[in-house]
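In: Sequence plus the predicted model coming up.
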Amino acid sequence: MKFKYLIIGIFIALIGTIEYLFFDSVLSSVILILSMIIALFFISLEYIEYSKGSNITKTVLCYILKDDKVLLIKKAYKENDMNSNKYMGVGGHIEENESIDDAILREVKEETNLTLTSYNLLGEVKFYMNNEYKEKIYVYLGYDVKGEIKASDEGELEFVKKDEIYNLPMWEGDKIFLNPLFNEKKFKCSLYYNEEKLINYKIK
């Protein structure tokens, strides 16, 4: 439940306040103080949970179909960028106050010069590295585009046959969700990495 710790904290503070107002005694005062301390504890837990969520990077990723091929980007080399020289769908960060759909339309346009006209949000991926929740990825399948394809400085663009994708250098976890994605099935996936090595995953 969302804000569960905050709700518990407010409820405990309310109980303590009612006790103090209706039973004005030394015991009531002690109960009020204890209830406020416990309430502050739960409110602090809520803040910690909120802080964890606010530090998560949120991104979008789109695999655009063309017959039996998929448009991939081979990421350009950048120092200290673990995506360097890896193949993946087109995408990037969601900007502040930007919807998920607006983000994927913008990213596709920026990285390919194409306007995405038909698409479907099919998956959510939680990316963990070294036991820390790092990124939430919204995964789309793109069907139709308009315009002339043109690469950006983000990397090279290439249409690759679906059955050849799995042999390319890419994040191992991406291969886990590509099958349900290409079969147009909704999915939620959690990927666990030790540095760049996939050590575990969950998908449903």
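Out: Everything's here; your move. Just so it is clear, the model here is predicted, and its values are computed rather than measured.
In: Test of understanding: give the bridge partners of the most centrally placed residue in the chain.
Out: Residue closest to the average C-alpha location in the chain (Cα atoms, centre = their mean): residue 136, at 1.1 Å. For residue 136, the beta-bridge partners are residue 58, residue 126 (DSSP bridges).
In: my guess is it contacts residue 128, does it?
Out: No. Residue 136 lies out of contact with residue 128 (Cβ atoms under 8 Å); the separation is 10.7 Å. No exception for glycine: its C-beta is placed from N, CA and C like everyone else's.
In: Could I get the full set of strands for this protein?
Out: According to DSSP state E, the chain carries its strands in the segments 57-66, 69-75, 87-88, 90-93, 115-129, 132-146, 155-161, 187-194, 197-203.
In: For the second one, give me every contacting residue.
Out: Under the contact criterion Cβ atoms under 8 Å, 6 or more residues apart in numbering, strand 69-75 has outside partners 63-65, 81, 83-90, 111-112, 142, 149, 151, 154-162, 165, 168, 182.
In: let's go with 6 Å and repeat that
Out: The list of residues contacting strand 69-75 from outside it, by Cβ atoms under 6 Å, 6 or more residues apart in numbering, reads 63-64, 83-84, 86-87, 90, 155-162.
In: Likewise for the last one?
Out: When contacts are taken as Cβ under 6 Å, 6+ apart, the neighbours of strand 197-203 outside the stretch itself are 172, 173, 176, 187, 189, 190, 191, 192.
In: Neighbour count, distance to residue 97 and pLDDT added to the residues you listed, as a markdown table?
Out: What follows is the contacts of strand 197-203, written out as a markdown table (neighbours: other Cβ atoms under 10 Å; distance: Cβ to Cβ, whole Å; pLDDT from 0 to 100):
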| residue | neighbour count | distance to residue 97 | pLDDT |
| --- | --- | --- | --- |
| 172 | 14 | 34 | 95 |
| 173 | 21 | 29 | 95 |
| 176 | 19 | 31 | 95 |
| 187 | 17 | 27 | 97 |
| 189 | 21 | 27 | 97 |
| 190 | 17 | 27 | 96 |
| 191 | 24 | 28 | 96 |
| 192 | 18 | 31 | 95 |
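In: on that earlier part again, would you mind measuring from the residue nearest to the centre of the chain to residue 109?
Out: Taking Cβ to Cβ, to the nearest Å as the measure, residue 136 falls 22 Å from residue 109.
In: ditto for residue 71
Out: For residue 71, the distance to residue 109 equals 13 Å [Cβ to Cβ].
In: Who has more neighbours out of these two?
Out: Between residue 71 and residue 109, counted using other Cβ atoms under 10 Å, residue 71 has the larger neighbour count: 22 against 16.
In: ok, now how distant is that one from residue 157?
Out: For residue 71, the distance to residue 157 equals 6 Å [Cβ to Cβ].
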